[in-house]
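when you get a sec, could you give me coordinates for this:
(one chain, ligands or ions: 2)
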Amino acid sequence: MAPTDVSRLLDDLPPDFDRQRFAAVYAEAAGAAAAARTPGREPGYRLLHGHRVARLGLELLDQPDVAAAGPGPHARIVVWLAGLIHDLFKETLGADPPGTDHADLAARWAEARLPGHFGGEVGRQVAEACYLHNKRHLPAPVEAQVLQDADLLDHFGAQEVWLAAYYSGARNQGLDDGLAYLTGPRNAGWRRYALDHVRFDSARASLQERLRYADALVRRLEAESRGRLWPSGDVW
Ligand SMILES: [Fe+2]
Ligand SMILES: [Fe+2]
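Ligands and ions are numbered 1, 2, ... in the order given. Next up is the predicted model:
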């Protein structure tokens, strides 16, 4: 999908969202995402990851433990927009280059672009959530914490295997290289970080389920890569 084609993404909006207002923001966000590409990620990743995080965030808001934490009256729109925007200016995988904070760039973009479509208060809350998405200090608004958890989730599970496969393929590496990464210390470190930092129990449960699924998928890939005719039950 071309990064600027947002019509399919707009079809995912909840029915109570004002499609016209979101369409304007999606068009602007797609333009910003298309202006640069994160190395090691597919074209459009900055927008598509954001869209998935928006959807995950909305699902998290429906979980009883998140609802009990006291999200504000604009939480659904704030979480969606913050999810969409949070990584639009992420130049690298992992840490930002010195002197750059991609979260701050997203916050400034939100402050400049959103008030005209959604009002100043929503713009302010989205900017705050975007700014905080890569910072773990508390207190932080529930909306920012939901964004943090949704963002973590979008890196694990079947998605984790796909991201590793894409990264390896882009470097002319093979299946064994992707599997070595997935089962190696670097990915184990990312997994530990996610488990240590996830905020809500419901998000933790989803993260743990994703990790179990990815483990099973990796074991299956390992078995198939060795040319096994009938992998045993323990690999699926
Ligand atoms: Fe980020
Ligand atoms: Fe992200």
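
alpha carbons only for contacts and neighbour counts from here, please
Will do.

what sits against the residue lying closest to Gly70 once chain neighbours are set aside?
Once flanking residues are discounted, Gly70 sits nearest to Val142: 6.9 Å by Cα to Cα, 6 or more residues apart in numbering. Taking Cα atoms under 8 Å, 6 or more residues apart in numbering, we find Val142 in contact with Val66, Ala69, Gly70, Pro71, Gly72.

show the buried residues in those.
Neighbour counting by 16 or more other Cα atoms under 10 Å classes Val66, Pro71 among the contacts of Val142 as buried.

tabulate the contacts of Val142 (JSON lines), appending distance to Gly157, pLDDT and secondary structure.
JSON lines is the format used below for those (distance: Cα to Cα, whole Å; pLDDT from 0 to 100; DSSP: H, G, I helix; E, B strand; the rest coil):
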{"residue": "Val66", "distance to Gly157": "22", "pLDDT": "98", "secondary structure": "helix"}
{"residue": "Ala69", "distance to Gly157": "26", "pLDDT": "98", "secondary structure": "coil"}
{"residue": "Gly70", "distance to Gly157": "28", "pLDDT": "97", "secondary structure": "coil"}
{"residue": "Pro71", "distance to Gly157": "27", "pLDDT": "98", "secondary structure": "coil"}
{"residue": "Gly72", "distance to Gly157": "30", "pLDDT": "98", "secondary structure": "coil"}
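
just put the contacts of Val142 in JSON lines and tack on distance to Ala165.
Converted to JSON lines, those look like this (distance: Cα to Cα, whole Å):
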{"residue": "Val66", "distance to Ala165": "33"}
{"residue": "Ala69", "distance to Ala165": "37"}
{"residue": "Gly70", "distance to Ala165": "39"}
{"residue": "Pro71", "distance to Ala165": "37"}
{"residue": "Gly72", "distance to Ala165": "39"}
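
closest to Glu42 among the contacts of Val142?
Val66 (31.5 Å; Cα to Cα).

mind checking how far the closest one is from Gly40?
Here the criterion is Cα to Cα, to the nearest Å. By it, Val66 lies 33 Å from Gly40.

likewise for Gly178?
Taking Cα to Cα as the measure, Gly178 falls 13 Å from Gly40.

with Arg55 instead?
In terms of Cα to Cα, Arg55 sits 23 Å off from Gly40.

tell me the contacts of the residue nearest to Ala23 when sequence neighbours are not counted?
Take Ala23 and drop its neighbours on the chain: the residue closest to it by Cα to Cα, 6+ apart is Leu10, 6.8 Å away. Listed by Cα under 8 Å, 6+ apart, the contact set of Leu10 reads Arg19, Phe22, Ala23.

among those residues, name the buried ones.
Phe22, Ala23.

make CSV out of the contacts of Leu10 and add distance to Asn187, secondary structure and pLDDT.
Below are those laid out as CSV (distance: Cα to Cα, whole Å; DSSP: H, G, I helix; E, B strand; the rest coil; pLDDT from 0 to 100):
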residue, distance to Asn187, secondary structure, pLDDT
Arg19, 38, helix, 97
Phe22, 35, helix, 98
Ala23, 36, helix, 97
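
CA-only coordinates of stretch 164-182 in CSV, if you can.
The C-alpha coordinates for stretch 164-182 follow below in CSV (Å, rounded to 0.1, in the frame of the first residue of the first chain):
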residue,chain,number,x,y,z
ALA,A,164,12.5,-9.6,12.1
ALA,A,165,11.9,-11.3,8.8
TYR,A,166,11.6,-7.9,7.0
TYR,A,167,14.7,-6.6,8.7
SER,A,168,16.7,-9.7,7.7
GLY,A,169,15.3,-9.7,4.1
ALA,A,170,16.2,-6.0,3.6
ARG,A,171,19.8,-7.0,4.4
ASN,A,172,19.9,-10.0,2.1
GLN,A,173,20.0,-12.3,5.2
GLY,A,174,18.3,-15.7,5.4
LEU,A,175,15.8,-17.4,7.6
ASP,A,176,18.5,-18.6,10.0
ASP,A,177,19.6,-15.0,10.6
GLY,A,178,16.1,-13.9,11.4
LEU,A,179,15.7,-16.9,13.7
ALA,A,180,19.0,-16.2,15.4
TYR,A,181,17.8,-12.7,16.1
LEU,A,182,14.5,-13.8,17.4
